[in-house]
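>>> Quick one: sequence plus predicted model below, questions after.
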Amino acid sequence: VSEAETPVTPPKPTVKDEIWIANRVFELLNEERKAAGVHTREMLTGLNRIAGLRSEQLVTQFSHMYKDENGRSWIGADFAATKYKYGEYFDWNEAGCPELADQNYYTYSGAENCCGGGGCTNEEIAQSIINSFKKSPGHWASLMSEDLYYDGIGVTFGVNPEYPEVECWCSVNSSAENYG
């Protein structure tokens, strides 16, 4: 085998690549918003944590629902918000249901948009994520909504056997409220 015929193995993606892609997806979304005459959004650290955890969960559970290690089903973003104590605290005692007090949780009033992407370069992956969202009218409308002002974006590389063509997973979590 000559040197010209030797296949080149691309380097394994790193956390640095995931962060670069997440930031690029944010830039591309704001460019699309600007082009559509919609206000741009601000990225929040707290929402980034939620989106990061959600993108990790998507590798094994591609759903807006998430089943934790105890088998309890959650809205995925509420699970992440509770883990990071982000958003509004829901107390079952105050709701008149003290028997559910061990299930108090945090929630934020916002939107979650999830998809997979792929490509040879970080730029191609970011573009494929945007294109995936554009192909879904509901996701795209949510991402262009004028009712939300803040985003968090998480990207995680990983293989989900149900979706072998997908190399990386993205969650965009958006909110009208700034919880930090």
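Okay, I see it. Numbers count the residues shown, from 1 in each chain.

>>> which SS class is the residue nearest to Ala176 when sequence neighbours are not counted?
Residue nearest to Ala176 in three dimensions, not counting chain neighbours: Leu148, with 5.4 Å by Cβ to Cβ, 6 or more residues apart in numbering. In short, each C-beta sits where N, CA and C put it, glycine included. With DSSP: H, G, I helix; E, B strand; the rest coil as the basis, Leu148 sits in coil.

>>> Leu148 against Glu112, yeah?
No - the criterion here is Cβ atoms under 8 Å, and Leu148 misses it with Glu112 at 11.1 Å.

>>> Where does pLDDT dip in the chain?
Along the chain, segments meeting pLDDT under 70 span 1-11, 109.

>>> what ranges do the strands span in this protein?
Using DSSP state E, the strands of the chain run over 42-43, 65-67, 73-75, 88-90, 105-107, 110-117, 150-157, 168-175.

>>> now for those, which one comes closest to Ala141?
strand 110-117 (9.8 Å; Cβ to Cβ).

>>> Pull the contacting residues for Ser142.
Ala111, Asn113, Leu148, Ser174 (Cβ atoms under 8 Å, 6 or more residues apart in numbering).

>>> before we move on, the earlier item: now the common contact residues for Leu148 and Glu112.
Common neighbours of Leu148 and Glu112 (Cβ under 8 Å, 6+ apart) are Ser174.

>>> re earlier: among the strands of the chain, which is the most enclosed?
Highest mean neighbour count of those: strand 168-175, a mean of 27 (counted as mean count of other Cβ atoms under 10 Å).

>>> now that one against strand 110-117, angle please.
With axes from the mean of the first three to the mean of the last three Cα atoms, to 10 degrees defining the directions, strand 168-175 sits at 170 degrees from strand 110-117.

>>> Quick one: distance of strand 168-175 to the chain centre.
Distance of strand 168-175 from the chain centroid (Cα atoms, centre = their mean, to the nearest Å) equals 2 Å.

>>> Name every strand pairing with it and say which way it goes.
Strand 168-175 has its sheet partners listed here by DSSP bridges as strand 110-117 (antiparallel), strand 150-157 (antiparallel).

>>> How about Val172, nearest residue that isn't a chain neighbour?
Spatially, and ignoring its direct neighbours in sequence, Val172 is nearest to Asn113 (4.6 Å; Cβ to Cβ, 6+ apart).

>>> quick one: contacts of stretch 67-85?
By Cβ under 8 Å, 6+ apart, stretch 67-85 touches 46, 49-51, 53-54, 57, 61, 63-66, 86-87, 103, 105-108, 110, 112, 173.

>>> Ends of it, what's the gap?
19 Å (Cα to Cα, to the nearest Å).
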